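A.B. asks: Curious how this folds, go ahead:
(one chain, ligands or ions: 1)
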Amino acid sequence: MSERQRVLATPLDQLLADARAIRDVQFGSRVTYSPKVFIPLTMLCRDKCGYCTFAQPPARLENPYLSAEQVLAIAKQGARMGCHEALFTLGERPELRYDVAKDWLNANGFDSTVHYLHDMAALVLKETGLLPHANAGALYKDELAMLRKVSPSQGMMIESLRDDLDCHRGAPDKEPQRRLDTLQWAGELNIPFTTGILVGIGETREDRIDALEAIATSHAKYGHVQEVIVQNFLPKPRTGMQHEAPCPEDEYLWSIAAARIILPSSIHLQAPPNLSDDFSILLDAGIDDWGGVSPVTADHVNPERPWPALDKLRTVTEAKGKSLAPRLTVYPEFVINPEKWFDPSLDFALMDRSDAEGLARDDSGQVWPEKVTAADVVHDGAEVVLVGHRSTQWYSGANNAPPMLIPFERMGEGEKITGPVAEVLRGVELGHRINEQEIVTLFGARGPEVRAIAHVADDLRKQIVGEEVTWVHNRNINYTNVCTFKCRFCGFSKGPLSLNLRGTPYLLTLDDIAERAKEAWDLGATEVTLQGGIHPDFDGDYYIDVTRAVKDAVPDMHVHGFTALEVTEGAKRLGESLFSYITRLKEAGLASLPGTAAEILDDDIRNIICSDKINTEEWLDCHQVAHEAGLKSNITIMFGSVEHPLSWAKHIVRTRALQEVTGGFTEFIPLPFVHMASPIYLQHKARRGPTFRETVLMHAIGRIAYRGLIDNVQVSWTKIGQEGAQQLLRAGCNDMGGTLMNENISRAAGANHGQLMTEESFRAIAEPLGRSLRQRTTTYGRPDREPPTRQAVAAL
Ligand code: SF4
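C.D. replies: Here you go, the predicted model:
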């Protein structure tokens, strides 16, 4: 029996179950939607379709086209509401039917409606960053190619391949071969393409299968069909089909399920939620996408059927055991493969709105293209300042408040999750150690899944380290910002060899360093953290001299110092073995390594962000040797610039494997990438750091993945801010890190959170959570020195 015969013969209930099973295997629990604003560029159309209320005669319209100002005003409203997509919908070639359209285009300097669409899409992209989706109907290849430069995706419904439908009698552009040609040309041009069928306009089930098979055939050749929309016919007043019956519900569900079974499983399947009274049943038929949902504009094609509010969409989706995720106008599979699918001029616009998976950034708030200008005064802070519209989403290091993802109240029984994330967590509860693929699965969590992961991490934290929140009284001494390396994320390094040509290079003397260490001790510090650029004049003895300078000034100070790069480079410059060099550092007084310079321990990513730095193997080697020499160290991960979750998982698994051998790591410190003044972001080659969801997950998954091996997970307050830190403390974290005093590195990348925390400010974060605060030493012991008196501190 052929697939067609099987689909036609299978009872509806079974067909729906089969479709759901395909969807669940392919897409797990995730259901997507695109937050969009609808821009009806022109409601004139040369076609007359029997079901359409979108197209209007010129007499009903004030102007044949929206003006550029009107287009921009709608788009800005969408950007202010947190949309990511500008959906351009328009009639087909109205200038071929109406003089008023032809004259308007001539008067405004455009050859055609498609040319005007091109310019308006470019305008919206430039001014608002919203990603255009051009829905311009049947186009010729040169038109598709022109729009590809300004519109990451394009769309055209196939509707039906029947050429004798009454509803299409007055619609030359609905001629099936025109539609198929457009679909094929889009494939030849590597355009992520949206298409679909209309159900209930006079076609049969066999006809629908014909259309679906044609789409599948085209996709098999080019891989370009990102989604198929299955849309139900509803009769509308003042249309040719106003007296026809609406598409019966069973027929509609059958068509959705048939599409899921006939189409390749990688193609997303969409049904609009606003065209069904109970849209939850669409999930039962196998869809994984709700399509564009606008918080701003009406559905101009179905104005009588408003979109459901986002909250309702989420409630309905989660009630079916699914999680809701916003996407861009293109799906992640395309976003993460830009060379093939996009004009290079669009790469940054896509990256700028996407998260690590290639979905839309999901923190609430506005995203505007960032415009910067050089700062008037540059000392050790950021060299650029933001101008123009301010984005209001949360970013690592920015002052914007994070969304509340981990509320104080735990989720109730009604929020039990199902699907792949739930399965991994079940394994965790049984004591399994999660592997690389399971870590990737957890990083895909959304909504209640994120809360579930945080709760598991929080329970582990309680079992392992109890209710104390720890902090260390330390001072950062960044002795030089001159560096021979060219890490593309680094806003700190200065000098002729770095990517930052402005700013003031500095090098502290050994006396300065000793003085700062002494001052820190007098203020109560138990640790100095030493790290800086790799100065061209340093040989390895410099680091030994710095360590000695601190220890000579303050013998009891814990020297926590030097990135794996500094240590490796120091040994290399002296031609000494790592073990011998680290042993000499230890003898000079070095007590532990901070674990920095790890960035992402995946060489494919290091080749992009820090190609001249030590590689993964060298970082791991350095720490292994340090552990063998008796020094403790930390694992850091700088995440959210260019990499995807698989790289995070590799990083965690690789460092965990080393910890199993040496046991020398004390804590896990996620460092969310601060994008604002980072060279790689200013060069338009990186994302805006992680989303807050990703940040929560990194800490919580770290707690879970390192269980039994690393007891401490630290919040980096310079990047997270106080409100965010409280949520992370409910997601597996137990440590707030250090007071820092003069932390320069995050600030140079544009972080706004201060340079100093005090015991009181740590207490203000921890105690409202019912957690006690405890000062610790670097290695999590109890400090054995008395804190300085208030008078002594005041005098300093
Ligand atoms: S991250 Fe470190 S090694 Fe890289 S450029 Fe900055 S200071 Fe130099």
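
A.B. asks: residues touching Val465, list them.
C.D. replies: Applying Cβ atoms under 8 Å, 6 or more residues apart in numbering, we find Val465 in contact with 711-712, 734. Placement of C-beta: from N, CA and C, glycine included.

A.B. asks: Get me the contact residues on the stretch 451-600 of the chain for the ligand.
C.D. replies: 483, 485, 487, 490, 492-493, 498, 533-534, 565 (Cβ under 6 Å from any ligand atom).

A.B. asks: could you redo the residues you listed as CSV and give each row neighbour count, pLDDT and secondary structure?
C.D. replies: Listed next are those as CSV, based on neighbours: other Cβ atoms under 10 Å; pLDDT from 0 to 100; DSSP: H, G, I helix; E, B strand; the rest coil:
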residue, neighbour count, pLDDT, secondary structure
Cys483, 23, 91, coil
Phe485, 19, 92, coil
Cys487, 25, 93, coil
Cys490, 25, 90, coil
Phe492, 25, 82, coil
Ser493, 26, 82, coil
Ser498, 22, 43, coil
Gly533, 28, 92, coil
Ile534, 21, 92, coil
Leu565, 25, 96, helix
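
A.B. asks: Make a markdown table from these and add distance to Leu66 to it.
C.D. replies: Shown next, in a markdown table, are those (distance: Cβ to Cβ, whole Å):
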| residue | distance to Leu66 |
| --- | --- |
| Cys483 | 51 |
| Phe485 | 51 |
| Cys487 | 46 |
| Cys490 | 45 |
| Phe492 | 47 |
| Ser493 | 48 |
| Ser498 | 47 |
| Gly533 | 53 |
| Ile534 | 55 |
| Leu565 | 55 |
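
A.B. asks: Show me what from the protein comes close to the ligand.
C.D. replies: Counting by Cβ under 6 Å from any ligand atom, the chain comes close to the ligand at 483, 485, 487, 490, 492-493, 498, 533-534, 565.

A.B. asks: hmm, try it at 8 Å
C.D. replies: Selection of the chain residues close to the ligand by Cβ under 8 Å from any ligand atom yields 481, 483-487, 489-490, 492-493, 498-499, 531-534, 563, 565, 597, 610, 613, 745.

A.B. asks: okay, Trp307: pLDDT?
C.D. replies: Here the pLDDT value assigned to Trp307 is 68.

A.B. asks: And Glu587, by the same measure?
C.D. replies: At Glu587, the model reports a pLDDT of 98.

A.B. asks: Over to Leu590: give its phi and psi.
C.D. replies: Note on Leu590: backbone dihedrals following degrees, to the nearest 10 are phi -70, psi 130.

A.B. asks: ok, it - contacts?
C.D. replies: 547, 559, 561-562, 582, 631.

A.B. asks: quick one: which of those residues sit in strands?
C.D. replies: If you go by DSSP state E, these have 559, 561 in strands.

A.B. asks: Who wins on neighbours among the contacts of Leu590?
C.D. replies: Most neighbours among those, by other Cβ atoms under 10 Å: Phe562, with 29 neighbours.

A.B. asks: just checking, Thr195 touches Glu159?
C.D. replies: No. Counting by Cβ atoms under 8 Å, Thr195 stays clear of Glu159, with 9.2 Å between them.

A.B. asks: still on that earlier bit, please identify which of the contacts of Leu590 is nearest to Pro176.
C.D. replies: Pro176 lies nearest to Phe562 out of the contacts of Leu590, by Cβ to Cβ, at 68.8 Å.

A.B. asks: Chain neighbours aside, what residue packs nearest to the closest one?
C.D. replies: Closest residue to Phe562 apart from its sequence neighbours, by Cβ to Cβ, 6 or more residues apart in numbering: Tyr543 at 5.7 Å.

A.B. asks: Tell me the buried residues in the strand or helix carrying the one you found?
C.D. replies: Using DSSP states H and E, Tyr543 sits within helix 541-553. Residues of helix 541-553 classed as buried by neighbour count (16 or more other Cβ atoms under 10 Å): 542-544, 546-551, 553.

A.B. asks: got a pLDDT number for the residue nearest to Phe562?
C.D. replies: 96.

A.B. asks: pretty sure it is touching Glu566, no?
C.D. replies: Yes. Applying Cβ under 8 Å as the test, Tyr543 and Glu566 come out as touching, 6.1 Å apart.

A.B. asks: Nearest to the ligand: which residue in the stretch 551-700 of the chain?
C.D. replies: Scanning the stretch 551-700 of the chain for the residue nearest the ligand gives Leu565, at 5.5 Å (criterion: Cβ to the nearest ligand atom).

A.B. asks: I'd like the mean pLDDT over the helix or strand where Leu671 lies, please.
C.D. replies: Using DSSP H and E, Leu671 sits in strand 665-672. Mean per-residue pLDDT for strand 665-672: 98.

A.B. asks: Just give the number of residues close to the residue lying closest to Pro35 once chain neighbours are set aside.
C.D. replies: With Cβ to Cβ, 6+ apart as the criterion, Pro35 has its nearest non-adjacent residue at 4.7 Å, and that residue is Cys83. By other Cβ under 10 Å, 29 other residues sit near Cys83.

A.B. asks: same question, Ser151
C.D. replies: For Ser151, the count of nearby residues is 31 (other Cβ under 10 Å).

A.B. asks: swap in Gly200?
C.D. replies: Gly200 - counted by other Cβ under 10 Å - has 21 other residues nearby.

A.B. asks: quick one: which two of the residues of the stretch 451-600 of the chain next to the ligand are the most distant?
C.D. replies: For those, the maximum inter-member distance is 14.1 Å, found between Ser498 and Leu565 (Cβ to Cβ).

A.B. asks: Let me see the ranges of the helices in the stretch 51-200 of the chain.
C.D. replies: For the stretch 51-200 of the chain, applying DSSP state H, counting those that start in this stretch gives helices covering 68-80, 99-107, 113-128, 141-148, 176-188.

A.B. asks: likewise the stretch 551-700 of the chain?
C.D. replies: Using DSSP H, counting those that start in this stretch, helices in the stretch 551-700 of the chain cover 564-574, 578-588, 603-609, 616-628, 645-662, 679-682, 692-705.

A.B. asks: Give me whichever of those is most buried.
C.D. replies: Across these, the average number of neighbours (mean count of other Cβ atoms under 10 Å) peaks for helix 692-705, which reaches a mean of 28.

A.B. asks: That one packs against which elements?
C.D. replies: Helix 692-705 is packed against helix 436-443, helix 448-465, strand 632-639, helix 645-662, strand 665-672, strand 712-713, helix 717-729, with contacts defined by 3 or more Cβ pairs under 8 Å, 6 or more residues apart in numbering; DSSP states H and E.

A.B. asks: Lowest average confidence across the ones you listed, which one?
C.D. replies: With a mean of 92, helix 717-729 has the lowest mean pLDDT of the helices and strands packed on helix 692-705.

A.B. asks: buried residues in it?
C.D. replies: Neighbour counts using 16+ other Cβ under 10 Å place 717-721, 724-729 of helix 717-729 among the buried residues.

A.B. asks: could you dump the very next helix or strand once past it to CSV, C-alpha only?
C.D. replies: Sequence order places strand 735-738 as the next helix or strand after helix 717-729, per DSSP H and E. Taking C-alpha atoms only, strand 735-738 is exported to CSV below (Å, rounded to 0.1, in the frame of the first residue of the first chain):
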residue,chain,number,x,y,z
ASP,A,735,28.3,31.3,46.0
MET,A,736,28.5,35.0,45.1
GLY,A,737,32.2,35.1,44.3
GLY,A,738,34.3,38.0,45.5
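
A.B. asks: Need the contact partners of strand 735-738.
C.D. replies: Contact with strand 735-738 is made by 469-476, 527, 529, 667, 669, 712-717, 725, 757, 762, 765-766, 776, as judged by Cβ under 8 Å, 6+ apart.

A.B. asks: picking up where we left off before, confirm for me that the residue nearest to Pro35 is in contact with Leu310.
C.D. replies: No. Judged on Cβ under 8 Å, Cys83 makes no contact with Leu310 at a distance of 11.2 Å.
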